[in-house]
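J.: Can you look at this prediction? I've put the sequence above it.
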Amino acid sequence: MHALLLITLWSSLALILYAYAGYAVLVSLCARLFGRTPESPAVADEELPFLSVLVAAYNEAAVIGERVENALRMDYPADRFEVVIASDASSDDTCEIVRRCRDPRVRLLAYETRSGKAAVLNRAFAELRGDIVVLSDANTFTEPQAARRLARWFQDPSVGVVSGRLILTDPATGTNVDSIYWRYETFLKRCENRLNALLGANGAIYAIRRTAFTGIRRNTAVDDFVIPLLARIRTGCRVIYDADAVAFEETPADVRVEFRRRSRIGAGGFQSLRVLRPLLDPRRGWIAFTFWSHKVLRWTCPFFLVGALASSLLLARDSSVATAVLLAQLGGYGVAAAGHALRGARGPAARVARLTTMFASMNLALLVGFWMWAAGRQGGVWQRTAR
């Protein structure tokens, strides 16, 4: 029993360390040694494909008008794009606001029966005119050049999906609030991009070749993760990350809303393994390496944290090392609690505390998400995020 507890403790700590630090070092090294940065082709205006900008919406009256105006202002040939708003039985003025727009490039798909985002996407894709579909959210605002930068990649027939870069902004000041964690995730995307092993896309801004979309399950929760990787499985296409295609989105003001969002994403991650499991085959090469390391291990880290805490607690009576490890863990959770209480504070100490809070809350949300998935409580019908 003592030996089993020691194995549980040190293996749990090692896997946590690898998932959040070791993988970043290893993937960076591999990207430098074996990867290459994809280069987008130069494309003249007359060669740009016809685009469909698709926004699936539910009760987005507060922002949908601005979103349509933002899409119409993009720097793209005026006769080569359409803006399609697909409403999932919105009960507010979302549809009426879209109907008031007289620009012929704007179309409304007003579905009367609530079916969830995945079902809306399945239905909407069949009604689009574009060769390339740019997917976005109702509360996302893109730079004028973003669509052009996404579209240029599709001159290469091997490219099936292109993800842009999302910048998070503070709803009160409008300033960039990219956290250390968000910059860390962007760094991983850049490395994975060099290895042709990008995992999914950013739902706020990505484009897909319409023929690469073959539908997703109606209860799919993380469509921006599943759609690109299913396209890769089914067609063998490349998934590209373009950091120059930029969109902006406000962070939720309510931390409880953010926790529910992360829990839903966690449940969706476990759910996605059913359809994406072929990518876990080591024979897939780099994509299997990134999927196991960046996603599967990350999703299972809550169990490693529980295992490390429980085993160190049981070993503490007989081992000073285990006692020190236990105290370090308890101290870390104490800092996380302090970070939650210091949300508005500034300074290096407050930033470290908030980062610790994010780590703890993210893993707690993943744990909640696992139980949602295991209990079959993760459906495809989404609720609007309060903004």
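T.: Now that the structure is in, tell me what you want to look at.
J.: confidence score at Ala172?
T.: In this prediction, Ala172 carries a pLDDT score of 58.
J.: Same question for Leu342.
T.: For Leu342, the predicted pLDDT is 71.
J.: which residues touch it?
T.: Going by CB atoms under 8 Å, 6 or more residues apart in numbering, Leu342 touches 350, 353-354. The C-beta positions use only the backbone N, C-alpha and C, and glycine is treated the same way.
J.: 7 Å - rerun?
T.: 350, 353 (CB atoms under 7 Å, 6 or more residues apart in numbering).
J.: Now do it against Leu330, distance only.
T.: 19 Å (CB to CB, to the nearest Å).
J.: hey, what's Val161 bridged with?
T.: Taking DSSP bridges, one finds Ile208, Val239 as the beta-bridge partners of Val161.
J.: What is the neighbour count of the closest residue to Ala118 other than its chain neighbours?
T.: Nearest non-adjacent residue to Ala118, counting by CB to CB, 6 or more residues apart in numbering: Thr220, 4.1 Å away. Thr220 has 25 neighbours, counted by other CB atoms under 10 Å.
J.: Isn't Thr220 up against Leu230?
T.: No: counting by CB atoms under 7 Å, Thr220 does not reach Leu230; the two are 9.5 Å apart.
J.: In the stretch 101-250 of the chain, where is pLDDT below threshold?
T.: Applying pLDDT under 70 to the stretch 101-250 of the chain flags the ranges 170-179.
J.: Just say helix, strand or coil for the nearest residue to Phe225 once chain neighbours are set aside.
T.: Distances taken as CB to CB, 6+ apart place Gly200 nearest to Phe225, at 3.6 Å, with adjacent residues excluded. Following DSSP: H, G, I helix; E, B strand; the rest coil, the label given to Gly200 is coil.
J.: Pull the contacting residues for Gly200.
T.: Contacts of Gly200 (CB under 7 Å, 6+ apart): 224-225, 228-229.
J.: ok, the nearest residue to Leu51 once chain neighbours are set aside - contacts?
T.: Nearest in space to Leu51, with sequence neighbours left out and distances taken as CB to CB, 6+ apart, is Phe81 at 4.1 Å. By CB under 7 Å, 6+ apart, the contact set of Phe81 is 50-51, 53, 105.
J.: what does Glu249 give?
T.: 139-140, 166, 168-169, 204.
J.: backbone phi and psi for the residue nearest to Phe225, please?
T.: phi 70, psi -160 (degrees, to the nearest 10).
J.: And for the one 5 residues further on?
T.: Backbone torsions of Ile205, given as degrees, to the nearest 10, read phi -160, psi 100.
J.: how near is it to Ile16?
T.: 31 Å.
J.: same question, Leu279
T.: Leu279 is 23 Å from Ile16, by CB to CB.
J.: go on, Glu258?
T.: 22 Å.
J.: Glu96 too?
T.: Glu96 is 50 Å from Ile16, by CB to CB.
J.: Looking only at neighbour counts, state which of these two leads.
T.: Shown here are Glu96 and Ile16; by other CB under 10 Å, Ile16 has more neighbours (22 against 13).
J.: Name the nearest residue to that one, sequence neighbours excluded.
T.: Going by CB to CB, 6+ apart, Ile16 has Phe304 as its nearest residue, at 5.0 Å.
J.: Please name the residues that touch that neighbour.
T.: 12, 15-16.
J.: backbone phi and psi for it, please?
T.: Torsion angles, degrees, to the nearest 10, at Phe304: phi -70, psi -40.
J.: so what pLDDT did it get?
T.: 98.
J.: can you check Thr356 too?
T.: pLDDT at Thr356 comes out at 90.
J.: cool, Val84 as well?
T.: For Val84, the model assigns a pLDDT of 98.
J.: In a strand, Pro107, correct?
T.: Actually, residue 107 is Arg rather than Pro. Yes: assessed by three-state DSSP, Arg107 belongs to a strand.
J.: Mark which of the contacts of Phe81 are buried, thanks.
T.: Applying a neighbour-count criterion of 16 or more other CB atoms under 10 Å, the buried members of the contacts of Phe81 are 50-51, 53, 105.
J.: quick one: which of the contacts of Glu249 sit in strands?
T.: 140, 166, 168-169 (DSSP state E).
J.: Out of the residues you listed, the closest to Ser40 would be?
T.: Of all the ones in strands among the contacts of Glu249, the one sitting nearest Ser40 is Leu166; the distance, using CB to CB, is 18.9 Å.
J.: Residues in a beta bridge with that closest one, which ones?
T.: Under the criterion used (DSSP bridges), Leu166 bridges to Ala247.
J.: my guess is it contacts Ala247, does it?
T.: Yes: counting by CB under 7 Å, Leu166 does reach Ala247; the two are 5.3 Å apart.
J.: Return every residue with contacts to both of the two.
T.: By CB under 7 Å, 6+ apart, the residues touching both Leu166 and Ala247 are 204-205.
J.: now the helices for the stretch 51-200 of the chain?
T.: Taking DSSP state H, counting those that start in this stretch as the test, the helices found in the stretch 51-200 of the chain are 64-72, 94-99, 117-125, 146-151, 180-194.
J.: What of the stretch 201-350 of the chain?
T.: With DSSP H, counting those that start in this stretch as the criterion, the stretch 201-350 of the chain has helices spanning 223-235, 255-276, 286-290, 297-315, 320-341, 348-374.
J.: tilt between the fourth one and helix 320-341?
T.: This points to helix 297-315. 130 degrees (axes from the mean of the first three to the mean of the last three CA atoms, to 10 degrees).
J.: Begin at 351 from now on, thanks
T.: That works, and once the first residue is 351, the last one we named lands at helix 647-665.
J.: how about helix 647-665: buried residues?
T.: Buried residues in helix 647-665 (16+ other CB under 10 Å): 647-652, 654-655, 657-659, 661-665.
J.: ok so, going back, export the helices of the stretch 401-550 of the chain as CSV, with columns for distance to Pro391.
T.: As requested, those are exported to CSV (distance: least, CB to CB, whole Å):
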stretch, distance to Pro391
helix 414-422, 24
helix 444-449, 34
helix 467-475, 25
helix 496-501, 11
helix 530-544, 16
